[in-house]
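In: What follows is a protein structure lacking sequence information:
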C-alpha cells in the first residue's frame, strides 16, 4: 500500500505543479530534494512571486524509522517504527479576492519490533481560506467535496465537513480559519471498509481538488483591488500563521519528527501584518467575513 | 507585596511610555483598559506607525481567580487560586539597524482554599533582538545587565544570562532569537534571600532597562537603510513570531488563562515575511548575524 500510494502522490505532485504553472504563466516551481537523516526524504516544490501565486508549495515526503519519543507519547505506544507519506499543498494567491487553499493527503503505518504492521491509516482533507467572502465560491468548493464523498458514503460529507470546521478553528480567537472543506483522519480497515476502500476514497478526493479550487482562483485572480484590501489580506494571513504555529497538528508532527523545517513552514504566507486590535468598519466586506468565520455554517 | 509591586509597575509603565513618546516624537501610545471576566484586568498601551517605533506595547496586568485547569497541570497543583501581575514590553523600531527589545517583570502568588499563600515568586528579564549585528550594542546591553546583577549577587549575571540564552532559543531552527540579556523565574524566598531581596533586585533590573536599550535605539534609529535591509528585518521578524507562537511560555500562559488576546499578541511584529529557504550571501552582514545566533557567546 505504501509504495502504491507514494507513487500516486508523485504523479499528483507533477499534475498539480503543471496545472498551477499554467495558471500562473510567470513563475515556475523550484524543486528541492531532501533526505531525512533518520530515514526517508521528500521533494519540495515552491513557487514564489508569480503572476497569480504570491507563494505556494506542493510537497511530498516519505519518511520512516523509529517513531520519535514525543510521537510515541502522543500515540500512546512504545518501541515502534513508523512510515508516513503524504502530499501537502498550500497556495497563497496575490489577489486578496482569491482565497488561500490548503490540502493534505497522507498515509501512516506503525510496526512492531519484528517489522509487522500493527496499525495503518489514511488521513487528509482540503480547506479554503477566503479574505473576502463570495458565497458562490464556498458553495462550489463544498459542492465538489460533497459530490466526491457521496460516491463512497452518504454520511462522509457531513462528518468530514464538521471535522474540518472543528479542526481549522483558531480557539484563541474564537474564529474559524476559513470556510472549511473536508478533514478526516485515522481511516482504518473496519467492518464496513477495507484499507483499499479508503485508498480509493482518498484518491478520488485528491483528484477532485483542482475541480474544487481552480475555477474559484480563475474567477478571482484578475479582479481589481486596493491597497487597503491587500492590507486586510495580510492581516488575515496573520491568523493563518497563528493557526499553523499554535494549533496545527501537521506542523507540530513535522517539528517533532525532525522534519525539514523549510518544507513544513512553506505553508506560512509570504507577507503578514499584525495591527493591534484592528476592527473593520461596520457593514464592510471585511466585517462580513468575520461574521461568517464566527460560526461555521452549511454551504449546501 | 502584590499591591506594592503592582503600584510600582503602574509608575514604571508611565515612565516607559513617556520616554518612548519623547524618542518617537510623532506617535503616541493608545491606552486600552480591559477587565478579565474571571478576575482582574489590565492597561494595554500600544504605539503604532511612529517616527521611530513601527509597533510597540507597554502593558501591565493584574489578574486573579481560580488557577485554570491547564495551569494546574503545568504547576502540578490542585484546587488553588492565583494572583499574577506583570509588565510586558516590546518595541519594534522602524529602522532595521535598531534592534527589537523585549522585557517582562512579573510576580505570582498561589493560595489554598482558605486564601493562605502557598507559593510566591518573581520572574522576568530583558533581551535584545538585532537584525544587523553591532558588537558594541550587545556589549552595552549586557554590561548594563551585569552591572545591576552584580549589585545583588556576583553569580546572578552568568546564571540569568545563560537562562536567557537557553530560553529565547528557536529549537526548531537551532538558532537564538537574539543576543539575549537576562531571564530569571521562580525567585522565591530561601535561606539566602527574602522575598523583599528579590523585590529589590527586580526593581533595580527594571530601572536599568532604559539605560540598557535607549542609547542603542538612539544610535541606530536614524541610520540610512535600503529596501533589501528592510526585507531582511521583516524576514527575521518571522523568526520572532515563530518563537512567540511555538515556544514562548508567557504567550502560552496568556492563551491558557483566557488572557486578553490582543494584549498578549501585541508582541507580534507589525510586518513579517516568510520567504522559502532564504539564505543570505556569503560574507554579508545578514550572514554574520546568523552565525552569531547559531551559538550564544559571552559579551563581557
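Out: Noted; the coordinates are in hand. Computed from a predicted structure; not experimentally measured.
In: List, one by one, the residues from chain A near chain B.
Out: For chain A, the residues in contact with chain B (C-beta under 8 Å from any C-beta of the partner chain) are A:32, A:46, A:48, A:55, A:57, A:172-173, A:234, A:238, A:241-242, A:245-246, A:255, A:261-262, A:265-266, A:268-277. (Glycine included, C-beta is placed from N, CA and C.)
In: Helix or strand for the closest residue to residue A:167 other than its chain neighbours, just tell me which one.
Out: In space, residue A:167 comes closest to residue A:183 once its chain neighbours are excluded; the distance is 4.8 Å by C-beta to C-beta, 6 or more residues apart in numbering or on different chains. Taking DSSP states H and E as the criterion, residue A:183 maps to strand A:180-187.
In: Just the residues contacting the next helix or strand after that strand, thanks.
Out: With elements assigned by DSSP H and E, the helix or strand that comes after strand A:180-187 is helix A:195-207. Helix A:195-207 is contacted by residues A:1, A:4-5, A:8, A:12, A:87, A:103, A:105, A:120-122, A:124-126, A:145, A:148-149, A:151-152, A:156, A:182, A:187-189 when judged by C-beta atoms under 8 Å, 6 or more residues apart in numbering or on different chains.
In: ranges for the helices of the stretch 101-250 of chain A?
Out: For the stretch 101-250 of chain A, the helices defined by DSSP state H, counting those that start in this stretch occupy A:135-150, A:156-167, A:195-207, A:209-220, A:227-242, A:249-256.
In: would you turn the ones you listed into TSV with mean pLDDT and distance to residue A:294?
Out: TSV is the format used below for the helices of the stretch 101-250 of chain A (pLDDT from 0 to 100; distance: least, C-beta to C-beta, whole Å):
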stretch	mean pLDDT	distance to residue A:294
helix A:135-150	98	15
helix A:156-167	97	12
helix A:195-207	97	28
helix A:209-220	98	22
helix A:227-242	98	13
helix A:249-256	79	23
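In: The closest residue in space to residue A:233 that isn't next to it in sequence: neighbouring residues, count only.
Out: Excluding the flanking residues, the one nearest residue A:233 by C-beta to C-beta, 6+ apart is residue A:96, at 3.6 Å. Residue A:96 has 22 neighbours, counted by other C-beta atoms under 10 Å in any protein chain shown.
In: so how far is chain B from residue A:96?
Out: As for residue A:96, its distance to chain B is 16 Å (criterion: C-beta to the nearest C-beta, to the nearest Å).
In: Do you know the pLDDT at the closest residue to residue A:230 other than its chain neighbours?
Out: Closest residue in space to residue A:230, ignoring its immediate chain neighbours: residue A:96 at 5.6 Å, by C-beta to C-beta, 6+ apart. pLDDT, residue A:96: 98.
In: Residue A:229 is in contact with residue A:96, correct?
Out: Yes: with contact defined as C-beta atoms under 8 Å, residue A:96 counts as touching residue A:229 (4.7 Å).
In: any common contacting residues for the two?
Out: A:131-132.
In: follow-up on the earlier one: got the helices of the stretch 101-250 of chain A as TSV, with mean neighbour count columns?
Out: Shown next, in TSV, are these (neighbours: other C-beta atoms under 10 Å in any protein chain shown):
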stretch	mean neighbour count
helix A:135-150	19
helix A:156-167	18
helix A:195-207	18
helix A:209-220	19
helix A:227-242	19
helix A:249-256	17
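In: Now render those as JSON lines, adding distance to residue B:133.
Out: Shown next, in JSON lines, are the helices of the stretch 101-250 of chain A (distance: least, C-beta to C-beta, whole Å):
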{"stretch": "helix A:135-150", "distance to residue B:133": "46"}
{"stretch": "helix A:156-167", "distance to residue B:133": "41"}
{"stretch": "helix A:195-207", "distance to residue B:133": "46"}
{"stretch": "helix A:209-220", "distance to residue B:133": "42"}
{"stretch": "helix A:227-242", "distance to residue B:133": "26"}
{"stretch": "helix A:249-256", "distance to residue B:133": "27"}
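In: Check whether residue A:93 really touches residue A:222, as I assumed.
Out: No: Residue A:93 is beyond contact range of residue A:222, at 10.6 Å (criterion: C-beta under 8 Å).
In: lowest confidence element among the helices and strands of chain A?
Out: Lowest on mean pLDDT, DSSP states H and E among the helices and strands of chain A sits helix A:249-256, with a mean of 79.
In: what's the angle from that helix to strand A:180-187?
Out: Orientation of helix A:249-256 against strand A:180-187 (axes from the mean of the first three to the mean of the last three C-alpha atoms, to 10 degrees) gives an angle of 50 degrees.
In: Which SSE is immediately downstream of helix A:249-256?
Out: Where DSSP H and E defines the elements, the next helix or strand beyond helix A:249-256 is helix A:261-264.
In: what about that following helix, average pLDDT?
Out: Helix A:261-264 comes out at a mean pLDDT of 91.
In: Just checking: what are the partner strands of the helix or strand following that helix?
Out: Using DSSP H and E, the helix or strand that follows helix A:261-264 in sequence is strand A:271-273. According to DSSP bridges, strand A:271-273 has the following sheet partners: strand B:271-273 (antiparallel).
In: Now do the strand it pairs with: everything it contacts.
Out: Here strand B:271-273 makes contact (C-beta under 8 Å, 6+ apart) with A:234, A:238, A:241, A:270-274, B:54, B:231, B:234-235, B:237-238, B:240-241.
In: same question, stretch A:275-295
Out: A:130-133, A:174-179, A:232, A:235-236, B:32, B:46, B:48, B:55, B:57, B:262, B:266, B:270.
In: same deal with stretch A:168-177?
Out: Against stretch A:168-177 from outside (C-beta under 8 Å, 6+ apart): A:127, A:129, A:165, A:178, A:180, A:183, A:239-240, A:242-243, A:246-247, A:290, A:293-294, A:296, B:255, B:261.
In: Going through those, which ones are buried?
Out: A:127, A:129, A:165, A:178, A:180, A:183, A:239-240, A:242-243, A:246-247, A:293, A:296, B:255, B:261 (16 or more other C-beta atoms under 10 Å in any protein chain shown).
In: Pull the most distant pair out of the residues you listed.
Out: The most widely separated members of those, counting by C-beta to C-beta, are A:183 and B:261 (24.3 Å).
In: Show me which pair in the contacts of strand B:271-273 is furthest apart.
Out: Comparing all pairs in these by C-beta to C-beta, the longest separation belongs to A:270 and B:54, at 18.9 Å.
In: what are the phi and psi values for the residue lying closest to residue A:232 once chain neighbours are set aside?
Out: Computed as C-beta to C-beta, 6+ apart, the closest residue to residue A:232 that is not its neighbour in sequence is residue A:286, at 5.4 Å. Torsion angles at residue A:286 (phi, psi; degrees, to the nearest 10) stand at phi -70, psi -40.
In: confidence score at residue A:286?
Out: 98.
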